[in-house]
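Engineer: Predicted model and sequence below, questions to follow.
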Amino acid sequence: MLLRYSAHQLKFRDPFTISKGTKTHQPTLLVSLRLGKWTGYGEAPAITYYNISVEQMIADLEQKRMAVEKFAFTDPERYWHYLHHLFPQNPFLVCALDMAGWDLFGKMRGVSLQKLFNGPTGTAPLTDYTIGIDSQEKMLEKMLAKPWPIYKIKVGTVDDLTRLKAIRANTQSTLRVDANAAWSLETALQLLPALEELGVELVEQPLAKEDWEGMSILYKRSPLPLIADESCVGLSDVPRCADLFHGINIKLTKCSGLTPARQMIEKAKDLKLKIMLGSMNESSVGTAALAHLLPFVDYADLDGPLLLDEDLATGIEFDNGRVIVSSNAGLGVDLNF
């Protein structure tokens with residue numbers, strides 16, 4: 001195989017703030033794998049609180065480029081296991097290469113990944129649209145400028161409840177709340193009943209990722225479904241979350257690709273957990289990979305391309321919450337450059 005890659009700084013439409021900080025651009029790495037007449041694409045955004053940078057991904061890739069290229073590619077699952085051992089400390093890079101492998105495989109077979117995965121038809125959930133932390137006025141302005149059936153509201157300030165009340169007063173759309181691990185147990189216990197009164201659908205990662213004792217208490221007392229994000233990175237985390245959360249948020253970048261994501265979906269279903277697919281502000285390349293898994297899950301947070309001012313590819317569209325993927329082979333995306 002022939003490996004190529006490029007680094008990008010994708011500009012957000014507006015500064016994007018969560019409890020962990022603010023970003024104006026999303027650094028991301030795009031990779032391609034060429035085999036014969038086919039080329040597969042993959043993407044991995046860099047996330048500072050996971051301590052993985054684009055520069056680190058490139059350094060690791062260059063160090064083992066020959067090993068990446070020499071693999072006798074026949075199917076993506078075998079390739080993921082090879083990559084997993086090749087880059088044990090860099091799941092983000094493994095994700096990008098695994099994604100490219102699946103895209104390549106779909107193109108070699110002449111079918112889209114959705115058809116290859118053989119999921120149920122007509123069951124894909126709508127995606128939410130994220131409103132980042134800002135002043136109350138700005139959050140309302142962003143929401144009203146983007147009519148949408150489901151909003152994910154980022155929280156983690158002393159004014160969370162006031163802002164959520166103002167948002168609810170201005171929309172009847174479904175509301176989800178994402179604390180990104182910012183609340184204490186005391187704060188969560190105080191806020192959750194009020195959020196239930198506001199008709200909030202679910203709360204994502206209320207407490208610190210390793211506050212298992214706090215989550216045990218909160219899980220028993222919460223009137224709302226609690227979804228693990230930072231507490232559920234990979235397959236081994238799923239069983240532990242089963243008695244502490246009502247569901248998990250699977251993100252391709254943090255779990256290291258489509259191959260383990262499919263295993264996580266299967267395990268979560270066995271444990272009767274709800275499943276969300278989550279964005280890490282990918283372009284349409286990474287978002288398309290997520291979208292092909294939508295028929296298997298309950299909730300979707302695939303709004304990455306909607307939050308960005310620029311994109312790397314075409315091949316995915318949004319229609320009032322519905323995510324429309326191309327029927328072309330593999331991921332179904334075409335690069336913009």
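Structural biologist: Happy to help now that I have it. Since this is a predicted model, take the numbers as computed values, not measurements.
Engineer: Show me where the stretch 101-250 of the chain has its strands.
Structural biologist: Listed in chain order, the strands of the stretch 101-250 of the chain (DSSP state E, counting those that start in this stretch) span 129-131, 150-154, 174-178, 200-204, 226-228, 247-250.
Engineer: Including mean pLDDT, distance to Val31 and mean neighbour count, could those strands go into a markdown table?
Structural biologist: C-beta: built from backbone N, CA, C; applies to glycine. Below are the strands of the stretch 101-250 of the chain laid out as a markdown table (pLDDT from 0 to 100; distance: least, Cβ to Cβ, whole Å; neighbours: other Cβ atoms under 10 Å):
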| stretch | mean pLDDT | distance to Val31 | mean neighbour count |
| --- | --- | --- | --- |
| strand 129-131 | 98 | 26 | 23 |
| strand 150-154 | 98 | 28 | 23 |
| strand 174-178 | 98 | 29 | 22 |
| strand 200-204 | 98 | 29 | 22 |
| strand 226-228 | 98 | 28 | 26 |
| strand 247-250 | 98 | 21 | 26 |
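Engineer: and Trp212, which of these is closest to it?
Structural biologist: Closest approach to Trp212 among the strands of the stretch 101-250 of the chain (Cβ to Cβ): strand 226-228, 10.8 Å.
Engineer: Show me what the closest one is packed against.
Structural biologist: strand 200-204, helix 212-221, strand 247-250 (3 or more Cβ pairs under 8 Å, 6 or more residues apart in numbering; DSSP states H and E).
Engineer: Return the distance of stretch 115-127 from the chain's centre.
Structural biologist: Chain-centre distance of stretch 115-127: 17 Å, with Cα atoms, centre = their mean, to the nearest Å.
Engineer: same deal with stretch 284-301?
Structural biologist: 8 Å.
Engineer: Give me the pLDDT for the most far-flung residue of the chain relative to its centre.
Structural biologist: Within the chain, the residue lying farthest from the chain centre (Cα atoms, centre = their mean) is Gly36, at 31.0 Å. On the pLDDT scale, Gly36 is placed at 96.
Engineer: tell me, which strand in this protein spans the most residues?
Structural biologist: Secondary structure assigned by DSSP state E gives strand 2-18 as the longest strand of the chain.
Engineer: can you give me the angle the helix or strand just after it makes with strand 2-18?
Structural biologist: Once the chain leaves strand 2-18, the next helix or strand it forms, by DSSP states H and E, is strand 21-35. Strand 21-35 and strand 2-18 are oriented at 160 degrees to each other (axes from the mean of the first three to the mean of the last three Cα atoms, to 10 degrees).
Engineer: residues of strand 21-35 that come out buried?
Structural biologist: For strand 21-35, a neighbour-count test (16 or more other Cβ atoms under 10 Å) marks 23, 25-33, 35 as buried.
Engineer: Just the C-alpha atoms of the longest helix seen in the chain, please, in CSV.
Structural biologist: Longest helix of the chain, by residue count under DSSP state H: helix 91-109. Only the C-alpha atoms of helix 91-109 are listed here, as CSV (Å, rounded to 0.1, in the frame of the first residue of the first chain):
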residue,chain,number,x,y,z
PRO,A,91,-5.4,5.2,19.3
PHE,A,92,-6.1,8.4,17.3
LEU,A,93,-3.7,7.4,14.6
VAL,A,94,-5.0,3.8,14.6
CYS,A,95,-8.5,5.2,14.1
ALA,A,96,-7.5,7.2,11.0
LEU,A,97,-5.7,4.2,9.4
ASP,A,98,-8.5,1.8,10.4
MET,A,99,-11.0,4.2,8.8
ALA,A,100,-9.0,4.4,5.6
GLY,A,101,-8.8,0.6,5.6
TRP,A,102,-12.5,0.2,5.8
ASP,A,103,-13.0,2.8,3.0
LEU,A,104,-10.5,0.9,0.9
PHE,A,105,-12.2,-2.4,1.6
GLY,A,106,-15.6,-1.0,0.7
LYS,A,107,-14.3,0.3,-2.6
MET,A,108,-12.6,-3.0,-3.4
ARG,A,109,-15.9,-4.7,-2.8
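Engineer: That one packs against which elements?
Structural biologist: Using 3+ Cβ pairs under 8 Å, 6+ apart, helix 91-109 sits against strand 21-35, strand 38-45, helix 54-63, helix 76-86, helix 113-117, helix 252-255, helix 258-270, helix 284-291.
Engineer: Not counting its own residues, what contacts the shortest one?
Structural biologist: Where contact means Cβ atoms under 8 Å, 6 or more residues apart in numbering, the residues beyond helix 252-255 that reach it are 44-45, 47, 50, 91-92, 95, 99, 233-235, 258, 261, 264, 280, 282, 286, 289-290.
Engineer: Quick one: distance of that helix to the chain centre.
Structural biologist: In terms of Cα atoms, centre = their mean, the centre of helix 252-255 is found 7 Å from the chain centre.
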